[in-house]
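Colleague: I need the structure of the sequence given here:
(2 chains)
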Amino acid sequence: MAVESGNVTSFIVEASEYPDLVRKYQVSGVPKTMVNGQVEILGARPEEDFVRTAVGAAAVS
Amino acid sequence: MPILSPSDAARVREMLANLPAPVRLVFFTQTLNCETCEPTKQILGELAELSGQITIEERNFLLEGDLAAAYGIDRVPAIAVVGAQDYGIRFLGIPSGYEFMSLLDAIQVVSAGDSGLNEASRAMIASLESPVALQVFVTPT
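Modeller: Residues are numbered from 1 along each chain as shown, chains lettered A, B, ... in the order given. You can find the predicted model right below:
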């Protein structure tokens, strides 16, 4: 998504190294994606489902 | 002793054999209080030996804080994957296990400047008018 739009940044975070972020975003399973730190996407989703959720989340966050 | 086994190194070399354009891995590190910085440096060094298109640009997180901030990086080890342009792709933590595979994917995507996403996804992303910051949490295994 980051390659497709200058509006998107993507951070891949190694959860076990950053317990502060894990606590902050209540990460109890991986993969877990946070969109703008507010909306969560759990697990691996089909591509379009993931993109639709992320884009939709951006609109409301 | 290398982190990548000879067979893993051979497989990675094959995966990266057709990178169409150079990729720069801007690696932010520090000497003290960072257990995974040194092994990350070693993995990146081994990775760069497997493709002539990959270069490692090592930066000191403490001494080059302004640069780190410009890349949106506030902790180490961290890697910015930069191609013909900076697409905003970052890795926080040591890229081992699953995260190493994700790094290889990111290198391929950034080198090509092509996400590989389908048309419907591209159209949705193109409609974005405000910033979207994704944080994808993964674990090494």
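Colleague: Which is the succeeding secondary structure element to the longest strand seen in chain A?
Modeller: Counting residues, the longest strand in chain A under DSSP state E turns out to be strand A:8-14. Counting by DSSP states H and E, the next helix or strand C-terminal to strand A:8-14 is helix A:19-24.
Colleague: before we move on, the earlier item: can you work out which other helices and strands pack against the longest strand of chain A?
Modeller: Counting contacts by 3 or more C-beta pairs under 8 Å, 6 or more residues apart in numbering or on different chains; DSSP states H and E, strand A:8-14 packs against strand B:89-92, helix B:98-112, strand B:132-138. Yep, even glycine has a C-beta here, placed from its N, CA and C like the rest.
Colleague: Would you mind finding the most buried of the ones you listed?
Modeller: strand B:89-92 (a mean of 25; mean count of other C-beta atoms under 10 Å in any protein chain shown).
Colleague: Identify the residues contacting that strand?
Modeller: Residues outside strand B:89-92 that contact it (C-beta atoms under 8 Å, 6 or more residues apart in numbering or on different chains): A:2-3, A:9-14, A:17-18, B:71-73, B:75, B:77-81, B:99, B:102-103, B:106, B:109-110.
Colleague: partner strands of it, parallel or antiparallel?
Modeller: Taking DSSP bridges as the criterion, strand B:89-92 forms sheet pairs with strand A:8-14 (parallel), strand B:78-82 (antiparallel).
Colleague: Rebuild these as a markdown table, extending it with mean neighbour count.
Modeller: Output for the strands paired with strand B:89-92, formatted as a markdown table (neighbours: other C-beta atoms under 10 Å in any protein chain shown):
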| stretch | mean neighbour count |
| --- | --- |
| strand A:8-14 | 23 |
| strand B:78-82 | 24 |
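Colleague: Nearest to residue A:59 among these would be which one?
Modeller: Residue A:59 lies closest to strand A:8-14 among these, at 13.5 Å (C-beta to C-beta).
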